[in-house]
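Visitor: turn this into a structure:
(chains A and B)
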Amino acid sequence: MSRPEFVAPPEIYYGDTEAKKYTQNTRNQQIQADMTYRALELLNLPPDEPAFLLDIGCGSGLSGEILDEEGYLWAGVDVAPSMLEVALEREVEGDLFLQDIGQGFGFRPGSFDGAISISVLQWLLNAETSHPTSSPPHRLTRFFTTLHSALKNPSRAIFQFYPTSDDQIQLITSIAQKAGFGGGIVVDYPNSKKARKVFLCLFVGQQKQQKLPEGLDGEEEEQEAKVRFERRREREKTRSKGKRKSVKDRDWILKKKELYRKRGKDSVPNDSKYTGRKRKTYF
Amino acid sequence: MVRLITHNLLACHVKGCNANNFPLEFRNVELEIREAEFNPDFVKGFLPKIEWKALVDTARQLGDTSLPEEQPEMLDDDFLKNLHHVLLEIHVEEGAMVCPNCKHEYPIASGIPNMLLAEHEIA
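Guide: Below is the predicted model:
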């Protein structure tokens, strides 16, 4: 399948049917949710502090729902009216705007504590008309400069996107840098064709942790440079991997026997050191 | 779903419209009040970002006079609750926002403001 951004501009591609299809697809939902959690992790917001976030290209609010769950307040912008309609139907909590991010934002300086954007930036890389304001570099410049000023200092903006080539990454990072952002690219699962995800991590101002977070590689992660959700992910991994404790262990057997004795059932076997032991395997 | 919290952050972004472009003025609005969970920490944390005068003026224009003219030094619970109500529970569903400087009109339909610009307005 060819990439959707080559087919038509987003506000046309995500018409009524496509918007519904996209939102109802459980695989999309899952991927979107995973990437949103990962983006929040990379965003590295101070824990237990309420924050006001910007969801760039919020679409039907799939990632907004997760922001709601995590207790963040947010505002979302998207250029596709059909997607926003679906978001309205789904009754997300955030404020929605119909806005073309390539035209820049009008938010006052320091408005947001952070920004996330899932699968959006690649849409900025195609020119729709020959007007000078429609060229990708111009739109990217306008987008990044207005975003930079709308974010508070210090804060971060995390973009997950699908670049087609290294040139695109180069173009995007260089424009972001010119707009005043620090940071760079984090690639998750770089060796997998399917799971590979590219994140652009942009920093505003001096960060406590100036180092870029490490990309996930699917194997063990290094100890340092850990951000918020990584420990939880590890815990869940071990939980699912580790052998389940058998339910009917020695304690359970003893309890049952005790119960039967109390009820006056006869022929309950005596307890011994052999109770609940496994028999050896004999051939 | 334009709430005053985002309205208070929103300035006009038309090309060359750089001064006196905040706050956008509401026209022909239809309001809806929807209760939201009260989170005093969030409201407190958000205080420094607020342009107080713009918020009070807009709230009064929309018919809510619970906020004082001057931002009080003491933050008591009543004040935070009022502020919470103004910021997060008043939703503008229909109407328009008009830039005080260039008079660009951003229409609001079913709670979503249309922030799209025409080609000649893009900076």
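
Visitor: give me the element residue B:97 is part of.
Guide: Taking DSSP states H and E as the criterion, residue B:97 maps to strand B:90-98.

Visitor: how far off centre is that strand?
Guide: The chain centre lies 9 Å from the centre of strand B:90-98; the measure is CA atoms, centre = their mean, to the nearest Å.

Visitor: near chain A at all, it?
Guide: No. Applying CB under 8 Å from any CB of the partner chain, one finds strand B:90-98 separated from chain A by no less than 8.8 Å. Every C-beta, even on glycine, is put in place using the N, C-alpha and C of the backbone.

Visitor: and that strand, what does it pack against?
Guide: Using 3 or more CB pairs under 8 Å, 6 or more residues apart in numbering or on different chains; DSSP states H and E as the contact definition, the elements that strand B:90-98 packs against are strand B:2-3, helix B:4-7, strand B:25-33, strand B:105-109.

Visitor: can you point out the buried residues in the last one?
Guide: In other words, strand B:105-109. Neighbour-count burial for strand B:105-109, with 16 or more other CB atoms under 10 Å in any protein chain shown as criterion, is recorded at B:106-108.

Visitor: what angle sits between that strand and strand B:25-33?
Guide: Our comparison of strand B:105-109 with strand B:25-33, counting by axes from the mean of the first three to the mean of the last three CA atoms, to 10 degrees, yields an angle of 20 degrees.

Visitor: quick one: which of the helices and strands packed on strand B:90-98 is nearest chain A?
Guide: In terms of CB to the nearest CB, the element of these nearest to chain A is helix B:4-7, at 4.4 Å.

Visitor: residues contacting the closest one, please?
Guide: Helix B:4-7 has contacts (CB atoms under 8 Å, 6 or more residues apart in numbering or on different chains) with A:52, A:73, A:75, A:95, A:97, B:23-24, B:26, B:46, B:55, B:58-59, B:62, B:86-88, B:90, B:92, B:97.

Visitor: ok, for residue A:139, nearest residue in space, not its chain neighbours?
Guide: residue A:102 (3.2 Å; CB to CB, 6 or more residues apart in numbering or on different chains).

Visitor: got a list of what the one you found touches?
Guide: Under the criterion of CB under 8 Å, 6+ apart, the contact partners of residue A:102 comprise A:124, A:134, A:139-140, A:142-143.

Visitor: from those, which is closest to chain B?
Guide: Using CB to the nearest CB, residue A:142 is the member of these that sits closest to chain B, with 6.4 Å.

Visitor: residue A:145: neighbour count?
Guide: Neighbourhood size, residue A:145 [other CB atoms under 10 Å in any protein chain shown]: 19.

Visitor: mind checking how far it is from residue A:131?
Guide: 19 Å (CB to CB, to the nearest Å).

Visitor: flag every residue of chain B that's near chain A.
Guide: In this structure, chain B approaches chain A at residues B:1-3, B:5-6, B:9-13, B:21-22, B:36, B:39, B:41-42, B:45-46, B:49, B:51, B:88, B:110-117, B:119, B:122-123, judged by CB under 8 Å from any CB.

Visitor: name only those of the residues you listed that count as buried.
Guide: Buried among these (16+ other CB under 10 Å): B:1-3, B:5-6, B:9-13, B:21-22, B:39, B:42, B:46, B:49, B:88, B:111-117, B:122-123.

Visitor: could you see whether chain B lies near stretch A:30-49?
Guide: Yes. Stretch A:30-49 comes into contact with chain B when judged by CB under 8 Å from any CB, the residues involved being residue A:49.

Visitor: what's that stretch in contact with?
Guide: For stretch A:30-49, with CB under 8 Å, 6+ apart as the criterion, the contacting residues are A:51, A:53, A:62-63, A:66-67, A:70, A:113-114, A:116-119, A:156, A:158, A:160, A:186, A:188, A:197, A:199, A:201, A:209, A:213, A:216, A:227-230, B:41, B:45.

Visitor: pull out the buried residues from those.
Guide: A residue is treated as buried here by neighbour count (16+ other CB under 10 Å); on that basis the buried members of these are A:51, A:53, A:62-63, A:66-67, A:113-114, A:116-119, A:156, A:158, A:160, A:186, A:188, A:197, A:199, A:201, A:213, A:216, A:230.

Visitor: secondary structure element for residue A:167?
Guide: Counting by DSSP H and E, the element that carries residue A:167 is helix A:166-178.

Visitor: what residues sit buried inside that helix?
Guide: By neighbour count, and taking 16+ other CB under 10 Å as the criterion, the buried residues in helix A:166-178 are A:168-169, A:171-173, A:175-176.

Visitor: just the pLDDT for residue 10.
Guide: Picking chain A for this. The predicted local distance difference test score for residue A:10 is 87.

Visitor: you looked at the wrong chain, it should be chain B
Guide: 91.

Visitor: ok, now the one 4 residues further on?
Guide: Looking at residue B:14, its pLDDT reads 91.

Visitor: same question, the one 10 residues further on
Guide: Confidence at residue B:24, expressed as pLDDT, is 91.

Visitor: show me where chain B dips below the pLDDT cut-off.
Guide: With pLDDT under 70 as the threshold, chain B has low-confidence stretches at B:1.

Visitor: quick check: next helix or strand after the helix holding residue A:167?
Guide: Moving toward the C-terminus from helix A:166-178, the next helix or strand (DSSP H and E) is strand A:182-188.
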